[in-house]
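K.L.:
please work out how this folds:
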Amino acid sequence: MYRLEEPLYFYLLLLIPILVLVYSLYLAWRRKTQKYFGDKQLLEQLSPERSSTKPIIKFVLYLTVVVLVSLALVNPQIGSRMEKVQREGLDLVFAVDVSKSMLCEDVKPNRLEIAKLIISRTVDELISDRIGIISYAGRAYPQLPITTDYGAAKLFLKNVNTKLIPSQGTAIGDAIDLATRFYDDEDQKNRLLVILSDGEDHEADLDRAISKALEQNIQIFTIGIGTERGGPIPIKQGGRIKAYKKDQNGEVVITKLNEELLEEIAADADGQYFLGNSTRKTVEYLLEEMSKMEKTKFEDSLFADYEDQFQWLLAPALLLLMLDIFILERKTQWFKNLNLFDRHEEN
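P.N.:
Reported below is the predicted structural model:
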C-alpha cells in the first residue's frame, strides 16, 4: 500500500512547460541578437571552443532536477506494517443522481458538482465510518464498494459524471434496491443511505424498494439539490454553453427541484430530508444526525506505519546538480574525441 503525503506539490510540475517556453524564447532572442554581430561561421571561428549542444544538455538536466525535487516534495510513502484495529462507525452509502438534469446551473457551479462537494467534505470529516458510492440515472450502478479507504472514495468521486450511465431518468427506486445488496456487514446495526438528487423524472416502484430497505435496517436521508424555480440544462462544448436541451416540440426544457418526492421518500424510510444548496450547512447537519446514530464495532486491517520514499528521488537530483559542475559550456577534448555532442571540424 502506498500513499502520497503532499500531493499539492504536483503543481510544481507546471514549471516544466513554462521553463521550456522561456528557454525557447531565450534561444530565439540569442540567435536574432547574434546576427547583428556577424555571420554565424565567423562567430564560430572567433569562439571555436564554445559548445552549441552542452547548454541544451545542462537545461535538460535542470528540468530533470525540477521533476525529481517536485516528486520528492510529494513524498510517496509505502506501508510497511499491517495491523488489526478495532473501529466503530456506520456503514454510509451515498447515491448520486447523474442524470442530465443535474447539469442545471440554478445552483453554482451546477447541481452535480454541489452533490460531489457535499460528499467530499463529509468524507473529510469521517474518522472510522465505512463509505460506499452508487451512481444512478435511468439505472443504478455501484461506483465504490463499502470501504474505509477515504482516499479511494474521493478518487472515485472525481470520476462521477453524467456520461457514466447512458440511459436517462432518475431511478431512485433502482438505487435504493441496489443499496439493499450493497452493505456487506450483517452485524451492522445502523445502515445509512444518503440520496443526493433533484428528484426529477423518477421511476415507479419506490414503495417496494423502501420497504425492502427498512427490512434491512437501512435508514434513508434525502438531500435535494436545485431550486423550485429551476433552470435549463446546458449543452457544453469546450467548456462553453453551445445550446440548451430541448423537448420533442423544440421547447427549452426547464428542470425544477422536486422536494415533495424527496421529502416523501425520507418520511417513508424513517429518515430526513434537507435542502443541500448550502454545502457547509448540509455537511454539518448530516454529521450531526450521524453522531446520534448507534455505532457498530468492527475489525479492520490498516497499515500502521508508512516509510518515506523521498530520498530515492532527492538523491539522484543532488547527483545531477553535482554533475552539472563538470559539464562546462565549452568543448572538452574527451567529448570531442567521443564525438557525442559536437562534430569534428572539417579539414
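K.L.:
pLDDT averaged over the helix or strand that Leu313 is a member of, what's the number?
P.N.:
Here Leu313 sits within helix 311-326, counting by DSSP states H and E. For helix 311-326, the mean per-residue pLDDT is 87.
K.L.:
same question for stretch 132-140.
P.N.:
Averaged across stretch 132-140, the pLDDT comes to 90.
K.L.:
next, the residues that contact it from outside, please.
P.N.:
With Cβ atoms under 8 Å, 6 or more residues apart in numbering as the test, stretch 132-140 has contacts from 91-100, 119, 141-147, 153, 156-157, 160, 162, 164-172, 174-175, 177-179, 182-183. Where C-beta positions appear, they are placed from N, C-alpha and C, glycine not excepted.
K.L.:
what's the neighbour count on Gln143?
P.N.:
Gln143: 21 surrounding residues under other Cβ atoms under 10 Å.
K.L.:
am I right that it sits in a strand?
P.N.:
Yes - counting by DSSP: H, G, I helix; E, B strand; the rest coil, Gln143 falls inside a strand.
K.L.:
spatially nearest residue to the residue most central in space within the chain, not counting backbone neighbours?
P.N.:
Central residue of the chain (Cα atoms, centre = their mean): Lys158, 4.0 Å from the mean position. Using Cβ to Cβ, 6 or more residues apart in numbering and skipping residues adjacent in sequence, the residue nearest Lys158 is Lys116, 7.9 Å away.
K.L.:
just want the phi and psi numbers for the one you found.
P.N.:
Phi and psi for Lys116, reported as degrees, to the nearest 10, are phi -70, psi -40.
K.L.:
what's the answer for Pro166, then?
P.N.:
Backbone torsions for Pro166, taken as degrees, to the nearest 10, come to phi -70, psi -30.
K.L.:
equivalent analysis for the one 5 residues further on, please.
P.N.:
Backbone torsions of Ala171, given as degrees, to the nearest 10, read phi -80, psi 70.
K.L.:
Leu178 contacts Ala171, correct?
P.N.:
No - contact criterion Cβ atoms under 8 Å: Leu178 and Ala171 do not qualify, at 9.4 Å.
K.L.:
which one's more surrounded, the two?
P.N.:
Ala171 (26 against 20).
K.L.:
measure the more buried one to Leu8 for me?
P.N.:
38 Å (Cβ to Cβ, to the nearest Å).
K.L.:
repeat that for Ile218.
P.N.:
37 Å.
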